[in-house]
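Peer 1: only geometry, no sequence info:
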């Protein structure tokens, strides 16, 4: 059995469905006959706090659901600030696909603090490949969180060794919004340059 | 055999279904709610309890009746109901598994180590390492309980409850309850207690023998240089961080299998204990004169992380990158939450507020900053009484205790009866969702949930009056001015009063009929609406704005807007 694993980190704000998106990635992997684990920090995220989900996928045994800092292969960032918070958990030669939006914190909304400047630049300093996912271009009409999160499934579908049928079946079971997001995310990422789309290299599980 | 991705809590429920559990009982709250929700979906007969103590006693009754029972307990719940667990152990309860969840990182509850509480009650503890073992160990716990006539604790940690992995499934076993099982005590109570303690000691001795060769404990011999004794989720972490180390994986962590550890220790040069949050195993091993190294190598107490293990055992390994300095994003009250209105009213009255835990405690965070202290579930009434007793006139008329309706039934009713003997004010935040943070509305209890026995709600007004409260009034907290006036009157009253602030939890607002709309020409950006801390409101730099997607139309922001720039827009 292989002991090589992919580490995928999903970061967002409670209510953006980051955890469910991680769960769907893991379910698609299991549907494809792979091993998958995930870990979340759930309860606070239900109230709009930071949400994070760590998924590991491998062909063989996965000893622990945790990903050590600096060892995630892929960051799927559903929000800019939360992506910056977690970027140190990604390998320096890893890939970050991050939504081009910021959800202000309660203190920011109250005018008590400012959002950090140049988030894309800081992300690029931390990892080799950063792709900004233009939500308004992909979804010209405002859509529910599931559709937006589904777009990140589409990105993952381009990068992970899971057959398209497993992705489609998993997303379809969760609802049409996930399925639509999956298709749009996949189309967006397939249009990216070759050097961005190169497959992920798995690490020791 | 079917494999499905399951969280630890869902795997526990699956194990209960497959093991033929007849009844699952819990007091709602975080992990306990998640287990019960999954058990109910699995078709189990489920019952809510007002407190962990009541849950354990309900389960004891079912056990005496011959049933297999699962009790789910929130973090810290075993410590607050240790007497009930000890009573169940003394009664020789069989077929009784108690699932609980410690929170070593103190994310949602104090970082208590329930192994110590189980040791005090002389009850064995199992510790699964992953969701698959969660499922299997429920069955093991029930079998051990029936074999040794004792409740058995299945200990999870928060990270295991919130981790998911593939879990196999087996057909459920349907066995009828074994029937009434009761032994007349035959002795006076003191004699019964002494006999029960002797029996518990005998059981633990037998379990220590069982621990020697049970497959629940597993010795994995690799390099003789390092041997690690560990349990639970840390097992996988140790295997990944120290792939060459020999490992003794404990599934039965109490009674500590000292004989097995000693045998393991003789095969390795250095023996380490990796556990969390407290050095429970380490202290037990040292007491048995087994030399080992433990928490001093990692951190004094708390959660063990992969980075911590790496630093401890590979000091020359490259350091991890540091996290960027990013503004914190704490959890906050939902849009439309009635707690926001209740605490806004209290803040305007400049009172010192002693709050319950759970969602209400979030009102302590800026910009609302309306809670001064929130010590523990159900503690607010008694703590406020103590505060007012000491400070007397200096705080009279300016102190309020806020308690949720679930917490009132859990453990605050007695304190309310006591407090009612002199002036004071208590606000009961009745949002029809006992269980608070983490219960997620999935499963609700007797305070007023949809699954309340017989569909009945407890009449809080009648309850307060029957406890001797002379003044009880009800308010809709979303009527801010009305709530402020009611609270002002009750704070000034010469008698004790209870104000029931009744409005459903925002999660129960499934039918959105209105939303707020800002008229920019009237908005002077004074910021009064932002100080409510509602996630639906923001400042664009030119005017305040409402996020139509998250606004539920509670109307609170419009009530604090002096220029009248925020209007409530009916959606149909």
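Peer 2: Received the coordinates, thanks. The shown structure was predicted, so the numbers you read here are calculated from the model rather than taken from an experiment.
Peer 1: quick one: contacts for the spatially most central residue of chain B?
Peer 2: What sits nearest the mean C-alpha location of chain B, by Cα atoms, centre = their mean, is residue B:74, with 3.3 Å. Contacts for residue B:74 (Cβ atoms under 8 Å, 6 or more residues apart in numbering or on different chains) come out as B:27, B:29, B:30, B:31, B:32, B:52, B:100, B:101, B:109. All C-beta atoms are positioned from the backbone trio N, CA, C, and that covers glycine.
Peer 1: and the helix or strand in which residue B:238 is found with chain A, contact?
Peer 2: Residue B:238 is located in helix B:234-241, with elements delineated by DSSP states H and E. Yes. Counting by Cβ under 8 Å from any Cβ of the partner chain, chain A has neighbours in helix B:234-241: B:236, B:237, B:239, B:240.
Peer 1: Weed out the non-buried ones from these.
Peer 2: B:236, B:237, B:239, B:240 (16 or more other Cβ atoms under 10 Å in any protein chain shown).
Peer 1: average pLDDT across the lengthiest strand in chain B?
Peer 2: Scanning chain B for the strand with the most residues, using DSSP state E, yields strand B:223-231. On average, the pLDDT along strand B:223-231 is 96.
Peer 1: mind listing what's buried in it?
Peer 2: Those would be B:226, B:227, B:228, B:229, B:230, B:231, for strand B:223-231 by 16+ other Cβ under 10 Å.
Peer 1: try stretch B:69-83
Peer 2: Neighbour counts over stretch B:69-83 (16+ other Cβ under 10 Å) mark B:69-82 as buried.
Peer 1: Quick one: distance of the helix holding residue B:238 to the chain centre.
Peer 2: 26 Å (Cα atoms, centre = their mean, to the nearest Å).
Peer 1: now stretch A:47-62
Peer 2: 9 Å.
Peer 1: same thing with stretch A:179-199?
Peer 2: Counting by Cα atoms, centre = their mean, stretch A:179-199 comes out at 13 Å from the chain centroid.
Peer 1: Buried by neighbour count: which residues of that stretch qualify?
Peer 2: Under 16+ other Cβ under 10 Å, the buried positions of stretch A:179-199 are A:179, A:180, A:181, A:182, A:183, A:184, A:185, A:186, A:188, A:189, A:197.
Peer 1: what's the spacing between the last one and residue B:121?
Peer 2: Noted for residue A:197: a distance of 58 Å to residue B:121, by Cβ to Cβ, to the nearest Å.
Peer 1: quick one on the thing from earlier: which other helices and strands does the longest strand of chain B contact?
Peer 2: Contacts defined by 3 or more Cβ pairs under 8 Å, 6 or more residues apart in numbering or on different chains; DSSP states H and E place strand B:223-231 against strand B:245-250, helix B:258-265, strand B:270-274, helix B:280-287.
Peer 1: ok, so of the residues of helix B:234-241 next to chain A, who is nearest residue B:537?
Peer 2: Proximity of those to residue B:537 (Cβ to Cβ) peaks at residue B:237, which lies at 42.0 Å.
Peer 1: show me the contacts for the closest one.
Peer 2: A:63, A:64, A:66, B:274, B:304, B:306, B:309.
Peer 1: burial measure for the fifth one, as a count.
Peer 2: Close neighbours of residue B:304, defined as other Cβ atoms under 10 Å in any protein chain shown, add up to 25.
Peer 1: Make sure I have this right: it is in a helix.
Peer 2: No. Counting by DSSP: H, G, I helix; E, B strand; the rest coil, residue B:304 is not found in a helix; it is coil.
Peer 1: Check the contact between it and residue B:273; I expect there is one.
Peer 2: No. At 11.0 Å, residue B:304 does not count as touching residue B:273 under the criterion of Cβ atoms under 8 Å.
Peer 1: What residues sit buried inside the longest helix that chain B contains?
Peer 2: Longest helix of chain B, by residue count under DSSP state H: helix B:189-213. Of the residues in helix B:189-213, B:196, B:199, B:200, B:203, B:204, B:207, B:208, B:210, B:211 count as buried by neighbour count, 16+ other Cβ under 10 Å.
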